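Participant: here is a sequence together with a model predicted from it:
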Amino acid sequence: MKLSPSSSPVGLPRSSVMVVFGTRPEIVKLAPLVRRLGDAAYVVHTGQHYDHGMSRAFLQSCGIGRVDLQLHVGGLPRAAQIGRGAEQIAEAVTRFEPKYVVVQGDTNATFAAALAANAVGVRLGHVEAGLRANDRRMPEEHNRVMVDHIADDLFAATEANRANLLAEGIADERILVTGNPVVEAVRSQRAAAQADGDELVRLGLYPSRYVLATLHRQENVDDPENLLATLHAFNRIAASGWPVVFPVHPRTRAVLTSLEATHLLDALIAEDPLPYERFLALAAHAAVLVSDSGGIQEEATVLGRPVLVVRDSTERPEALGTFTKLVTPQTLAAETAALLASVERTLERLDALPSPFGDGKATERIAEHIRVAVTEITPEEA
């Protein structure tokens, strides 16, 4: 199939680059690339996050105006998500003949699309390559390692990520250190922010006088002991006079319901998942963030906010000791109290630190590499 001409800013044929995502973090980090590619991008959403607040609202707030192919693998077990997603994406690659496939991160959608591109023989780029927590209990760790080893182009966010790849025997010529697109995604959203004050007024909050919390990972949510310990910690923080804003992930709410523990949300400001710009508005003015999210660990470095990470390990060690600290559900309340006791000094110190995840030009570097690769593959069309 001959690709049609395109008005893409990078000068590539229409639909020559298939961009695949399935979750909120992927949408955030790939949105700048989709916008830069213009109609050279063929956008596929696997539906891994299928709740409106977890996907469609994010697409709109991140500036992705269209999805060219919508799949529906959400709600399936992990193996089924990967298997069915890979099968359907491979069919799409065969039918529409993109010259390049881009994936991001470590989700089931990422692994499914990587398997599909590899099976069909289309060049594959992996954004945010080389992250390692060295924790094999994490499904995400398996996904990211396997994608890195079959990808053709590895877009590593940091030199530490590059070192991880080299240590696993991946050839240096396959690796490009780009920075992380999260930096420009946050800066773009914050530059366009208009209603920070409205968001705080709506919730009755004051700048730097509340805690913002999220929780969604398997080791926290599916373990009743960890989940209940974390929610009790949130309640102790709120009882100490620091309001806790808690956008509740659908998975977290479902488990709390099954445990008959939704009353633990009563003392918190429990919200549905928020559009990206509203979440960033709250994150930008929080005294402390508490989360098990990898993306929030990155976003906080751009916003200059501290994060207590409710995990045993992290694949983002670049921020440890400055912006982030690992804690357990059992120590969370005490660690939060200690941080809040001197939070003004902490915020002043972090405000002066640059993000360790790049200079905000990651997407530019990735798009240029893809442009050259596609042009080499189809010189008469690109």
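Facilitator: Arrived safely. As the structure is a prediction and not an experimental result, all values here were calculated from the model.
Participant: hang on, isn't Ile150 packed against Arg123?
Facilitator: No - Ile150 is not in contact with Arg123 according to C-beta atoms under 8 Å; the separation is 11.4 Å. (Glycine included, C-beta is placed from N, CA and C.)
Participant: neighbouring contacts of the helix or strand where Ala116 lies?
Facilitator: Element membership for Ala116, per DSSP states H and E: helix 108-120. Helix 108-120 is contacted from outside by 18, 20-23, 26, 44, 46, 48, 73, 78, 81-87, 89-90, 92-94, 101, 103-104, 123-124, 126, 139, 143-144, 146-147, 150-151, using C-beta atoms under 8 Å, 6 or more residues apart in numbering.
Participant: what of stretch 256-274?
Facilitator: Taking C-beta under 8 Å, 6+ apart as the rule, stretch 256-274 contacts 24, 51, 53-54, 57, 203, 205, 213, 224, 227-228, 231-232, 234-235, 238-239, 243-250, 253, 282.
Participant: which ones among those residues map onto strands?
Facilitator: Among these, DSSP state E puts Ala213, Val244, Val245, Phe246, Pro247 in strands.
Participant: burial count for the fourth one?
Facilitator: Phe246 is flanked by 22 other residues according to other C-beta atoms under 10 Å.
Participant: for it, give me its contacts.
Facilitator: So Phe246 contacts Ala213, Thr214, Leu215, Phe234, Leu265, Leu268, Ile269, Ala270, Glu271 (C-beta under 8 Å, 6+ apart).
Participant: and the fourth one, how many neighbours?
Facilitator: The criterion is other C-beta under 10 Å. On that basis, Phe234 has 24 neighbouring residues.
Participant: and for it, nearest residue in space, chain neighbours not counted?
Facilitator: Val244 (4.9 Å; C-beta to C-beta, 6 or more residues apart in numbering).
Participant: correct me, but that neighbour touches Tyr210?
Facilitator: Yes - in terms of C-beta under 8 Å, Val244 counts as a neighbour of Tyr210; the distance is 7.1 Å.
Participant: which of these two has more neighbours?
Facilitator: Val244 (26 against 23).
Participant: next structured bit after the lowest-mean-pLDDT helix or strand in the chain?
Facilitator: Sorted by mean pLDDT, DSSP states H and E, the helices and strands of the chain end with helix 56-61, the least confident at a mean of 71. The helix or strand immediately downstream of helix 56-61 is strand 69-70, counting by DSSP H and E.
Participant: hmm, back to that, select only the buried ones of the contacts of helix 108-120 in PyMOL?
Facilitator: Selecting only the buried entries of the contacts of helix 108-120 in PyMOL, with 16 or more other C-beta atoms under 10 Å as the criterion:
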select buried, resi 18+20+21+22+23+26+44+46+48+73+81+82+83+84+85+86+87+89+90+92+93+101+103+104+123+124+126+139+143+144+146+147+151
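Participant: pull the number of nearby residues for Ser61.
Facilitator: Neighbourhood size, Ser61 [other C-beta under 10 Å]: 20.
Participant: do the same with Leu353
Facilitator: Other residues near Leu353 come to 12 when the count uses other C-beta under 10 Å.
Participant: surely Ala298 meets Pro181?
Facilitator: Check again: residue 298 is Glu, not Ala. No - counting by C-beta under 8 Å, Glu298 does not reach Pro181; the two are 9.7 Å apart.
Participant: Arg95: neighbouring residues, count only.
Facilitator: The burial count assigned to Arg95 is 10, neighbours taken as other C-beta under 10 Å.
Participant: can you pull the contacts of it?
Facilitator: With C-beta under 8 Å, 6+ apart, Arg95 has no contacts at all.
Participant: for the helix or strand hosting it, what is the average pLDDT?
Facilitator: Assigning secondary structure by DSSP H and E places Arg95 in helix 78-96. The average of the pLDDT scores along helix 78-96 is 92.
Participant: ok, now stretch 137-153?
Facilitator: 95.
Participant: other SSEs contacting the lengthiest strand in the chain?
Facilitator: Longest strand of the chain, by residue count under DSSP E: strand 123-129. Contacts defined by 3 or more C-beta pairs under 8 Å, 6 or more residues apart in numbering; DSSP states H and E place strand 123-129 against helix 24-37, strand 100-104, helix 108-120, helix 139-150, strand 153-156, helix 159-167, helix 362-377.
Participant: go again with 7 Å.
Facilitator: Secondary-structure packing of strand 123-129 (3 or more C-beta pairs under 7 Å, 6 or more residues apart in numbering; DSSP states H and E): helix 24-37, strand 100-104, helix 108-120, helix 139-150, strand 153-156, helix 362-377.
Participant: rewinding a little: buried ones among the contacts of stretch 256-274?
Facilitator: Of all those considered here, the ones buried according to neighbour count by 16+ other C-beta under 10 Å are 24, 51, 53-54, 57, 205, 213, 227-228, 231-232, 234-235, 238, 243-249, 253, 282.
Participant: where in the stretch 251-382 of the chain is pLDDT low?
Facilitator: 379-382 (pLDDT under 70).
Participant: the strands in the stretch 201-350 of the chain, which residues?
Facilitator: Remark: strands assigned in the stretch 201-350 of the chain by DSSP state E, counting those that start in this stretch are 211-213, 244-247, 269-271, 288-291, 307-310, 324-327.
Participant: and the helix holding Ala116, how far out from the chain middle?
Facilitator: Mean C-alpha position of helix 108-120 versus that of the full chain (C-alpha atoms, centre = their mean, to the nearest Å) differs by 18 Å.
Participant: again, but for stretch 365-382
Facilitator: 26 Å.
Participant: next one: stretch 232-241
Facilitator: On C-alpha atoms, centre = their mean, the centre of stretch 232-241 falls 27 Å from that of its chain.
Participant: could you do stretch 320-335 as well?
Facilitator: With C-alpha atoms, centre = their mean, you get 20 Å for stretch 320-335.
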